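> here is my input; please provide its structure:
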Amino acid sequence: MSQDLMAMLEQAFEESTKLYQERGFQRRVGFGKRPALISVDLANAWTRPGNPFTCDQEKMDNEIIPGMQRLLKAFRAANLPVIHVTTAYEITDRNAPFTDMGLWHNKIPVDVVDLADKELWAIDSRIAPVEGEYTLLKKRASSFHGTELAGILRANGVDTILVTGVTACACVRQTICDGIADGFRPIAVKECIGDRVPGAVAWNLFDIDAKFGDVESVDRCVDYIETIGQSKP
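Sure thing, here's the model as predicted:
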């Protein structure tokens, strides 16, 4: 991100913070007692180069993947739920009379993520699921929309969701918005959220922190998970 763009965003954040705080925004939802990790669309079509959905590769390789590796290590050590979310479509012909793409293909190229090409929608091998973790296939932006996610979380006694992945302006944001609407405490893990467009991550994390969830660092989240792990009998 250019220094000029970041300076403009910081100025906008400063002014918006004053307005929000005067009006009672930017409250904290806080960490709960039992968290789950929700990793959104960290699959090859988004994490690797050469796809229309490819995200910022520098951030992906140097921040998001290493941050995810730390989170996964902590969650696995504490034996806490991990859900990997990905997106793919079975009927990708845009002229078909019926398709599982809905109308989204009229806005973005979701037709390239073909369910038949498993490599595209497979979770990145650097953070691949292990036995005991769940991979959820979604069709829309939110990981909750039309899926079993909320039911799985409730059945496992989850009250807090640590959300990571891409993109900040769409699937991550929509997952966080639906998460708080469904009664979960959303925590956006700052270093583990990315996008394709400069400025999108910074602006969306600022706005999420003001209205829909808490933005916390990887360090803070790992400390929280390790504390829970130590407190288990």
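> other SSEs contacting the helix or strand bottoming out on mean pLDDT in the chain?
Of all helical and strand segments in the chain, the minimum by mean pLDDT, DSSP states H and E falls on helix 3-22, at a mean of 81. With contacts taken as 3 or more Cβ pairs under 8 Å, 6 or more residues apart in numbering; DSSP states H and E, helix 3-22 sits against helix 200-211. Glycine gets a C-beta too; all of them are placed from N, C-alpha and C.
> related to what we said a few turns ago, now do the next helix-or-strand element following the least confident helix or strand of the chain, average pLDDT.
Note on helix 3-22: by DSSP states H and E, the next helix or strand toward the C-terminus is strand 35-40. Averaged over strand 35-40, pLDDT sits at 98.
> repeat that for stretch 56-74.
The model assigns stretch 56-74 a mean pLDDT of 98.
> I'd like the distance between the residue in the chain sticking out farthest from the centre and Ile91.
For the chain, the residue at maximal distance from the C-alpha centroid (Cα atoms, centre = their mean) is Pro97, at 31.8 Å. Using Cβ to Cβ, to the nearest Å, we find Pro97 at a distance of 10 Å from Ile91.
> what does the least confident helix or strand of the chain rub up against?
Gln26, Pro198, Gly199, Ala202, Trp203, Phe206, Ala210 (Cβ atoms under 8 Å, 6 or more residues apart in numbering).
> helix, strand, or coil at the residue farthest from the centre of the chain?
Three-state assignment for Pro97 (DSSP: H, G, I helix; E, B strand; the rest coil): coil.
> could you work out the most separated pair of the contacts of helix 3-22?
Pairwise distances across these (Cβ to Cβ) peak at 24.4 Å, for the pair Gln26 and Pro198.
> longest strand in the protein, please.
Ranked by residue count, the top strand of the chain under DSSP state E comes out as strand 185-194.
> could you check the angle helix 200-211 makes with the least confident helix or strand of the chain?
Here the directions of helix 3-22 and helix 200-211 differ by 10 degrees (axes from the mean of the first three to the mean of the last three Cα atoms, to 10 degrees).
> that concludes my questions; thank you for your assistance.
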